[in-house]
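1. Got a predicted structure here, sequence first:
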Number of protein chains: 2
Amino acid sequence: MAKQKQDEGQAPKLTINDIARMAGVSKKTVSRVINRSPLLNQETRDKVEAIIRDTGYVPNPQARALALGRNFLIGLVYDNPNVQMILSMQKGILEALHGTEFELVIRPVDRGSNLVMDDIKSFVTRQRLFGVVILPPMSENDALARMLDEEGCRYVRMGSAVLDDAEHMVASNDREAVADAVRHLIAQGHRRIGLIAGPHGFRSAQERREGFELALTEAGISLPRSLVADGQYTFESGLSASESLLDLSPRPTAIFASNDEMAAGVLYAARLRGIAVPEELSIIGFDDTPVTTRVWPPLTTVRWPIVAMGRAAALKLIGTAIGEGSEVNEPSMFSSTLIRRGSVAPPATS
Amino acid sequence: MAKQKQDEGQAPKLTINDIARMAGVSKKTVSRVINRSPLLNQETRDKVEAIIRDTGYVPNPQARALALGRNFLIGLVYDNPNVQMILSMQKGILEALHGTEFELVIRPVDRGSNLVMDDIKSFVTRQRLFGVVILPPMSENDALARMLDEEGCRYVRMGSAVLDDAEHMVASNDREAVADAVRHLIAQGHRRIGLIAGPHGFRSAQERREGFELALTEAGISLPRSLVADGQYTFESGLSASESLLDLSPRPTAIFASNDEMAAGVLYAARLRGIAVPEELSIIGFDDTPVTTRVWPPLTTVRWPIVAMGRAAALKLIGTAIGEGSEVNEPSMFSSTLIRRGSVAPPATS
DNA sequence: GCGCTTCATGACACCGGTGTCCAATTGGGC
DNA sequence: GCCCAATTGGACACCGGTGTCATGAAGCGC
């Protein structure tokens, strides 16, 4: 029933030879037009471009990849459990890639596996990726960066602070963001503030912790060990970590959780114990994920521009290829903002 | 002539010619080994395979793609706003692809744009994709399926019910799942049950609504129009849709929301009005997203095996290529389960 | 032992682009 | 008008695989 219309179906069959024949030039000339070679007669260029436009010809990416030894694919490598972040990153990167000839290939890897390096190496070399974006905490792996350098694969590392090679980084300033959030708590009158830290080995966890301590130090508030609990960035870990904090006497009047999932855990724990939020306990999270507005009360949190950072990372990667001098200076350091919702109030007068 | 370090960098430089030379055979023979051609002497095969194993040779995907006219890339096409679902699907597909030579390329498209078809068409033809997985509601687009057929691109459609071409479907049985959920409410004694429906034009919304009506009909319960509100699968729409339901007098004693986001909206609305859940209002959602356990009380919901379905879809796609006769009969219809949490209780005795 | 078929293997063109190098064309200086 | 230099275009090999077809070797009946 479906008749193969060759008049219509010629689009996918068009090759550079067809264009060359139609334009009355050699295929190499067409190639030059496509690749914007500078040594070309303007007339010829216009003629060929017109034909390309009229026919809707698109060069075969596979053939280009083979001849060039490089694909027009961007890889996204992550070993991160945070789905919201991953998807926002994907969104940002895809926004930047939209309208270009680049496609996004995603590649989650097994955190902890010692085959990770080989895995990523075969990924980038086999597919001859144009470049990769690496999400934290994998992005903090310097050996990986070295390997990518050796393989001649471009890369951008997302992070919570500018690491040594700023050239390859797109980062947020978690430390300052958290310090601001805690300053907010202090300004409300809180003095006994608990921290639920992120997992060891995560740079973001460290940065956020340092921001927390910074704000306290500024205000001359000491931080007893008992007010710090370790979490794993998961809801469950936040729930259990907050238990020890809520058992304290006197109880902290506020808790900063290093991400929203854990903050939701704190809120849950508070509800289980009948502790009123924010009247008896203020909570601040980090990430501004949707969960902050689903729970009651909605959580005050720190928002960092994930999508914009993803976009910046992709632009940084392909910028050199597109050759846009203006875009190259895309900011690589992004700042965050405190989003005030309903989980913070002055402490109850004791 | 850039001098590459040939000592270490020999792995990426190995070609089929090298292997052929080392094995003392022609490149074509090596090609036959790689492609498991049946007309080959076992001895030769073993010899070549040993060399391939020893050298760690991997065929260049770009060259294969060019020669074959087909890439070893799977595309994931979606116009869906549900991030949890998208990520779970990605997870399932990637699980199936892991260890194979396939990679996953993601492609969100603009719902509503009338360029969608062209966009997807150029995506699959340009990249010469091996196949695509299409997520709902885009998967319900028959014109898209026809186009893919014409382009000779394999595809699998994810859905909430088996559409006409079961051959290309991997589906859950939303209707029956919702009917079960509502039967549970009825068994608890509920008679005035409200429905927050999904957006028009979504097959899943229709299926879930039909399941809802089915259970009511079975129990001989009539469904006044006022008990049905329209939502958009978003938290906000659930919140506002539930307003009209909660304004009713008598008020429904239970509400089924067609997804968890909207169920969370109902819960939020109930809290704003001081309606106790589940004592005064029972709520059931659909999807079993993390939000169900973050809110209080945790939401009873319907869980469908998204990851397993993603895996099945990918296997269905590449099964023919891998040539695994056993896997071909992967089930294409998946059933869901009711997850009982804390948002359902018998209605208050009136 | 001969001619036949059957099977395993190899030579070669080809997929659709790109880089190299040289020929053809053009323009300028004298 | 001539020569040289600069500019443009094209022939050709090449990227690294695969398909087609032919060739050589082995197996078989006679």
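-> Good, I have the coordinates. Numbering: from 1, shown residues only, chains lettered A, B, ... in the order given.
2. contacts, neighbours, all on C-alpha from now
-> OK.
3. per-residue pLDDT, the residue in the stretch 201-350 of chain A that chain B sits nearest to?
-> Proximity of the stretch 201-350 of chain A to chain B (C-alpha to the nearest C-alpha) peaks at A:V295, 5.2 Å away. A:V295 carries a pLDDT value of 97.
4. number of nearby residues for it?
-> A:V295 has 20 neighbours, counted by other C-alpha atoms under 10 Å in any protein chain shown.
5. now A:V58
-> Neighbours of A:V58 (other C-alpha under 10 Å): 18.
6. who's in contact with it?
-> Going by C-alpha atoms under 8 Å, 6 or more residues apart in numbering or on different chains, A:V58 touches A:L14, A:I52, B:R126.
7. Can you verify my assumption that the residue of the stretch 201-350 of chain A closest to chain B contacts B:P298?
-> No. Using C-alpha atoms under 8 Å, A:V295 is not in contact with B:P298; the gap is 10.6 Å.
8. thought A:V228 was touching A:I193?
-> No. With contacts counted by C-alpha under 8 Å, A:V228 stays clear of A:I193, the gap being 9.0 Å.
9. Between these two, which has more neighbouring residues?
-> A:I193 (26 against 20).
10. Isn't the more buried one up against A:I255?
-> Yes. Contact criterion C-alpha under 8 Å: A:I193 and A:I255 qualify, at 5.4 Å.
11. I'd like to know how far the closest residue to chain B within the stretch 51-200 of chain A sits from A:Y78.
-> Per C-alpha to the nearest C-alpha, A:V105 is where the stretch 51-200 of chain A lies closest to chain B, at 4.5 Å. According to C-alpha to C-alpha, to the nearest Å, A:V105 and A:Y78 sit 12 Å apart.
12. picking up where we left off before, quick one: which of the contacts of A:V58 is nearest DNA strand D?
-> Closest to DNA strand D out of the contacts of A:V58 is A:I52 (15.4 Å), distances taken as C-alpha to the nearest atom of the strand.
13. Excluding chain neighbours, give the residue nearest to that closest one in space.
-> A:I19 (7.0 Å; C-alpha to C-alpha, 6 or more residues apart in numbering or on different chains).
14. Could you tell me how many residues sit around that neighbour?
-> 21.
15. how about it, what does it touch?
-> Taking C-alpha under 8 Å, 6+ apart as the test, what A:I19 contacts is A:K27, A:V30, A:V48, A:I51, A:I52, A:Y57.
16. In TSV: the contacts of A:V58, plus secondary structure, pLDDT and distance to B:L68.
-> Below are these laid out as TSV (DSSP: H, G, I helix; E, B strand; the rest coil; pLDDT from 0 to 100; distance: C-alpha to C-alpha, whole Å):
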residue	secondary structure	pLDDT	distance to B:L68
A:L14	coil	84	17
A:I52	helix	88	25
B:R126	helix	87	14
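17. Which one of those residues sits in the busiest neighbourhood?
-> A:I52 (21 neighbours).
18. Distance from stretch A:224-234 to the middle of the chain?
-> Distance, stretch centre to chain centre, for stretch A:224-234: 25 Å (C-alpha atoms, centre = their mean, to the nearest Å).
19. Buried residues in it, which are they?
-> A:L227, A:V228, A:A229, A:D230, A:G231, A:Q232, A:Y233, A:T234 (16 or more other C-alpha atoms under 10 Å in any protein chain shown).
20. Looking at those residues, which are in strands?
-> A:V228, A:A229, A:D230 (DSSP state E).
21. Appreciated, that's everything.
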